[in-house]
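J.: got a predicted model here, sequence first, then my questions.
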Amino acid sequence: MADNLEDAVLIGGIFTAMWAFIRGRRKVAEAAQATAAAAPATPPVVGGFEVAPGFENPFGTDPFGLGQSAPYTSDFVNSFFGIGGGQAAAPAVDPVEKDWLARTLWGEARGEGKAGQRAVAAVIMNRVASRRYPGTVQGVVRAPYQFSMWNAGEPNGTAARAVTEADAQFRSCLDVAEEALTGHLADPTGGALHYYSPTAMVPPGSVPSWAKPPAKLSAIVGRHHFWIGVA
């Protein structure tokens, strides 16, 4: 009799535990459904990884250890790993480089409008990118006998050093310099590294010694002729 009672108690305990387990699972499922129903339709982006509604991000909110306030998005992660989708930030502009470029544009092409200023800026930036020239704007424009306005005693260079933003043409040159140094300048010269103005040649109608084959005329913008393939 005692054995039967013990068996009945044991079986009852098993059924009770099973019922409690089933009820617990049911409550967990109901809670998960309620959480999913309340979640937004589009999975949120947390820490740069898409997370399904109702589930925590297994990587945490700061997967790269850069600080909780860092703006992690999928674009950030894509750009971090070199995957398309994110827009690269514009490069910071060196104010000294911008000033030298703008003053050179003013001295060389202030009467040419933005089209002519952009063309001269393109030549300068092409030289910066070329191994044949210094790797900075200042180095390119101040190289001996390259941009005559910067030659010692040249009145045009003296005026360019003194010009301020009160001058509308200088403000235009500053805008073009900003375009060039942030990579937003389209090259209208076809990659030219040289240019000259036929109207400024002495005697009139003469041609620079370098503007001969294999050099080729690549563009004419305003009063300037632009050349490529110069030895």
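T.: Thanks, I have it.
J.: where along this protein do the helices fall?
T.: Per DSSP state H, the chain carries helices over the ranges 2-38, 74-80, 95-109, 113-129, 137-141, 155-162, 168-181.
J.: which of these has the lowest mean pLDDT?
T.: Least confidently modelled of these is helix 74-80, at a mean of 45 by mean pLDDT.
J.: hmm, S172 and E165 touching each other?
T.: No - applying CB atoms under 8 Å as the test, E165 and S172 come out as separate, 10.6 Å apart. For every residue, glycine as well, the C-beta is placed using N, CA and C.
J.: which of the two has more neighbours?
T.: With neighbours defined as other CB atoms under 10 Å, E165 and S172 compare such that S172 has more, 19 against 9.
J.: spatially nearest residue to that one (excluding sequence neighbours)?
T.: In space, and not counting its chain neighbours, S172 is closest to K114: 5.9 Å by CB to CB, 6 or more residues apart in numbering.
J.: list the contacts for that neighbour?
T.: Counting by CB atoms under 8 Å, 6 or more residues apart in numbering, K114 touches S172, D175, V176.
J.: dump the residues you listed into CSV; add distance to A215 as well.
T.: Shown next, in CSV, are the contacts of K114 (distance: CB to CB, whole Å):
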residue, distance to A215
S172, 30
D175, 31
V176, 26
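J.: from those residues, pick the one nearest V140.
T.: Looking at the contacts of K114 and their distance to V140, the nearest is V176, at 15.6 Å (CB to CB).
J.: give the contact list for that closest one.
T.: Contacts here follow CB under 8 Å, 6+ apart; on that basis V176 touches A102, L105, K114, Q117, R118, A121, L185.
J.: what's the answer for S197, then?
T.: Contacts of S197 (CB under 8 Å, 6+ apart): R223, H224, H225.
J.: again, only this time at 10 Å
T.: When contacts are counted by CB atoms under 10 Å, 6 or more residues apart in numbering, S197 touches E108, A109, E112, G222, R223, H224, H225.
J.: among those, the buried ones, what's the ChimeraX command?
T.: Burial among these is assessed by 16 or more other CB atoms under 10 Å; the matching ChimeraX selection reads:
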select :108,109,112,224,225
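J.: give the buried residues for stretch 209-226.
T.: Buried, per 16+ other CB under 10 Å, within stretch 209-226: A211, A215, S218, A219, V221, H224, H225, F226.
J.: the last one reaches I220, doesn't it?
T.: Yes - under the criterion of CB atoms under 10 Å, F226 is in contact with I220, at a separation of 7.2 Å.
J.: intersection of neighbour lists for the two?
T.: A119, T189, Y195.
J.: just send these back as CSV, with neighbour count and distance to R127 too.
T.: Below are the shared contacts of F226 and I220 laid out as CSV (neighbours: other CB atoms under 10 Å; distance: CB to CB, whole Å):
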residue, neighbour count, distance to R127
A119, 26, 13
T189, 24, 11
Y195, 25, 11
